[in-house]
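Colleague: Here is the input, now give the coordinates:
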Amino acid sequence: MPKWIRRVSACMITLSLIAALALVGNAPILESAQAFTPGAVRTDNFSDITNHWAGSAIRSIAAMGLASGYNDGTFRPDAEVTRAEFVVMLLRALGIRENPAAASGFRDYAQLGWAAGAIGAAYEAGLISGMPDGSFGAQRNINRAEMAVILERTLTKNLIFKGEAAHPPAFSEKEEVPVWARGALQTTGRTGLLRGFEDGTFRPFRSATRAEVAVIIHRLFVQKPATPPATPPAPPPVTGDASIPSLKEVFAGYFTIGAAVEPHVHLSGRNREMLLRHYNVIVAENAMKPVSIQPREGRFNWASADRIRDFARDNNMRLRFHALVWHNQVPDWFFIDREGNRMVNETDPVKREANKTLLLRRLETHIKAVVERYKNDVDYWEVVNEVIDPNRPDGMRNSQWYQITGKEFIKTAFRAAREAAGEDALLAINDYNTHQLRKRDFLYDLVMELRDEGIRVDIIGHQTHISLVYPSMARIGESIEKFAAAGFRNHVTELDISVYAYRDTTSYNVVPEHLLDQLAVRYRDLFDVFRRLEAHIDDVTFWGIADNHTWLHNRPVPRRDAPFLFDEQFEPKDAFWAVVDPNW
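Modeller: I've put the predicted structure just below:
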């Protein structure tokens, strides 16, 4: 899962957007890395936008230093934009640090050139997918449907915030929009980010232009987003489908049932109905991660996290906090020393020790600020997330946290959280693939080491992102039992079951019935394990509500997944009945 810095103020994105829309000479952007230097022509008086439909937006962002043109005085608003160009534009606007290594899995990696860093960072952040043949397709023009999907992911990961549009568009050619892009069109249309043409069409396969990208940047970073009313209206009554069992009621004698949510997606409409009918725990999918809450040192963005907190409080739901410390989705300022250099590159022992002290102080300050705000509302704190790497000799992920501080960041995080939240707080460590023997044992050794040092960990979080074929139910059960025997509580924290095997590039727009049948059997067997071990499990949380919204869509290629108990129309699948009916 991803790394980036959220940027929403014009002053912080000026240089990146100058770079993103800049062209040097008359060469297209893709021809030279120099095309992104701030030395390109800057003006708000381009000769070719006087009567252009996007002229006002182009002039507006150019006047703020957010766009540049060609050295012949043109902007070329109708020039088409490639997939690589759009990714670089968006990534630099958001301030996400480049990571070329993350793009190495694409078949055409050698052809990505200077754009590899942005493409790799976007892929690692979960914003983009590759082509069915395993390439990225950097030189292909990006069409409007693809652009909608990338923008939707940017919205759902809380990298940007847009309020609801007063009059969301209803595109006339709905059936022509590819299945994999329909949800994205709803989201981007609802926020007013993407709009259609005068004839009511969206034209999903039409290539995007520089003008369209300029207008999107204007809507994202210049127009003031809508804000919630000071006094929100009374919530509508819970409807849901009373003809089917409620998940939380079925498992009331076993464990709570939770769901991960995005505040602008899941807290209203049909999603809200499903939440209140079937779940009694919620967790933020992205809104409570460090990059979302404190993108710049000392500047906190509480709005999205507060919405989730308020929803849980107003509806008597338990709240899990995810997550105080992670190697992804943490802003880079944590790891920059007082001289503006990256801490991991420091070789002087004295300066390295000073950097370690500074980083741990920053971490402690962040944790205490967050915990103090939410300690009366959060039931479970995920303090540390994904610190184990079984492929390393010491079993520890070689993150920037670890390179700079060793295990001290883990100890500092738990101590700070305990101090701020109190002795009664329930603190968790969370990781994926806890069924793998080597990884499980490294995690076990770590929490026992913390215990020996007087640092209490209450809960082991088992993410449980699994597939139809892996892992075995026995391995999942054995891991839970091992930690339970040592006195830890167990939570299943991010449950979903992909219908695709790991690294499988098969692509379906509609998942075949035989795979849905296998999904039902898989869920039946999994919940048989959970029921058997209910004395050791306090909560089972799904990483979503229904198939309409999942991080698994379009990863690693454009396709639909079906990882949950409810389909994209919120109807119960066979997997639902396999879970709620022990005799299924």
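
Colleague: Could you list every helix and strand that the lengthiest strand in the chain packs against?
Modeller: Looking across the chain with DSSP state E, the single longest strand is strand 489-498. When contacts are defined as 3 or more C-beta pairs under 8 Å, 6 or more residues apart in numbering; DSSP states H and E, strand 489-498 packs onto strand 318-325, strand 427-431, strand 459-462, strand 465-467, helix 473-485, helix 513-532, strand 537-542. (C-beta placed from N, C-alpha, C; glycine too.)

Colleague: again, only using 6 Å
Modeller: Other elements packing on strand 489-498 under the criterion 3 or more C-beta pairs under 6 Å, 6 or more residues apart in numbering; DSSP states H and E are strand 459-462, strand 465-467, strand 537-542.

Colleague: Partner strands of the first one, with direction?
Modeller: Neighbouring strands of strand 459-462 in its sheet, by DSSP bridges, are strand 427-431 (parallel), strand 489-498 (parallel).

Colleague: and the first one with strand 318-325, angle?
Modeller: Okay, so that is strand 427-431. Orientation check (axes from the mean of the first three to the mean of the last three C-alpha atoms, to 10 degrees): strand 427-431 against strand 318-325 gives 70 degrees.

Colleague: Show me the shaky parts of the stretch 51-200 of the chain.
Modeller: 61, 64-68, 92-95, 132, 156-177, 179-181, 184-185, 187, 189-192 (pLDDT under 70).

Colleague: show me where it has helices.
Modeller: 55-63, 83-94, 109-112, 116-124, 144-156, 179-190 (DSSP state H, counting those that start in this stretch).

Colleague: I'd like the strands paired with strand 459-462 as a markdown table, with distance to residue 391, mean pLDDT and mean neighbour count appended.
Modeller: Formatted as a markdown table, the strands paired with strand 459-462 follow (distance: least, C-beta to C-beta, whole Å; pLDDT from 0 to 100; neighbours: other C-beta atoms under 10 Å):
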| stretch | distance to residue 391 | mean pLDDT | mean neighbour count |
| --- | --- | --- | --- |
| strand 427-431 | 14 | 98 | 24 |
| strand 489-498 | 21 | 98 | 24 |
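
Colleague: Save those as a markdown table, and put in distance to residue 571 too.
Modeller: Shown next, in a markdown table, are the strands paired with strand 459-462 (distance: least, C-beta to C-beta, whole Å):
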| stretch | distance to residue 571 |
| --- | --- |
| strand 427-431 | 31 |
| strand 489-498 | 18 |
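
Colleague: between these, which one is nearest to residue 575?
Modeller: Closest approach to residue 575 among these is made by strand 489-498 (8.0 Å; C-beta to C-beta).

Colleague: distance between stretch 265-285 and the chain's centre?
Modeller: 17 Å (C-alpha atoms, centre = their mean, to the nearest Å).

Colleague: Residue ranges of each domain in this structure, please.
Modeller: Domain segmentation of the chain under automatic domain parsing yields 10-142+207-221, 255-508+535-544.

Colleague: Export those domains as JSON lines, with columns for distance to residue 246.
Modeller: Output for those, formatted as JSON lines (distance: least, C-beta to C-beta, whole Å):
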{"stretch": "domain 10-142+207-221", "distance to residue 246": "31"}
{"stretch": "domain 255-508+535-544", "distance to residue 246": "6"}
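
Colleague: Which helix in the protein has the most residues?
Modeller: Longest helix in the chain by number of residues (criterion: DSSP state H): helix 349-374.

Colleague: per-residue confidence averaged over it?
Modeller: Helix 349-374 comes out with an average pLDDT of 98.

Colleague: Numbering from 21 from now on, please.
Modeller: Let's use 21 as the start, then, which means that last one is helix 369-394.

Colleague: That helix packs against which elements?
Modeller: So helix 369-394, by 3+ C-beta pairs under 6 Å, 6+ apart, packs with helix 420-425, helix 428-441.

Colleague: Which positions in the first one come out as buried?
Modeller: Burial within helix 420-425, assessed by neighbour count using 16 or more other C-beta atoms under 10 Å, is assigned to 420-422, 424-425.

Colleague: can you check the last one too?
Modeller: Taking 16+ other C-beta under 10 Å as the basis for neighbour counts, the residues of helix 428-441 that come out buried are 428-438, 440-441.

Colleague: Give me the contact list for it.
Modeller: Under the contact criterion C-beta atoms under 6 Å, 6 or more residues apart in numbering, helix 428-441 has outside partners 345, 380, 383-384, 387-388, 391-392, 395, 401, 403-404, 421, 447, 475.

Colleague: just these now: which is nearest residue 103?
Modeller: Checking the contacts of helix 428-441 one by one against residue 103 (C-beta to C-beta), the nearest turns out to be residue 421, at 32.7 Å.

Colleague: Distance of the closest one relative to residue 271?
Modeller: Using C-beta to C-beta, to the nearest Å, residue 421 is found at 36 Å from residue 271.

Colleague: what does residue 391 give?
Modeller: As judged by C-beta to C-beta, residue 391 and residue 271 stand 29 Å apart.

Colleague: cool, and residue 140?
Modeller: Applying C-beta to C-beta, the value for residue 140 to residue 271 is 41 Å.

Colleague: Tell me which of those two has more neighbours.
Modeller: Legend: neighbour count by other C-beta atoms under 10 Å for residue 140 and residue 271, higher for residue 140 (25 against 21).

Colleague: Please name the residues that touch that one.
Modeller: Contact analysis of residue 140 by C-beta under 6 Å, 6+ apart lists 119-120, 122-123.

Colleague: Also residue 406?
Modeller: Contacts for residue 406 were tallied using C-beta under 6 Å, 6+ apart; they are residue 451.

Colleague: Go again with 8 Å.
Modeller: Shown in contact with residue 406 (C-beta atoms under 8 Å, 6 or more residues apart in numbering): 21, 346-348, 417, 450-452.

Colleague: Next: residue 479.
Modeller: By C-beta under 8 Å, 6+ apart, the contact set of residue 479 is 400, 446-449, 508-511, 558.

Colleague: Can I get those in CSV including distance to residue 278?
Modeller: Below are the contacts of residue 479 laid out as CSV (distance: C-beta to C-beta, whole Å):
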residue, distance to residue 278
400, 9
446, 14
447, 17
448, 13
449, 18
508, 19
509, 14
510, 14
511, 9
558, 10
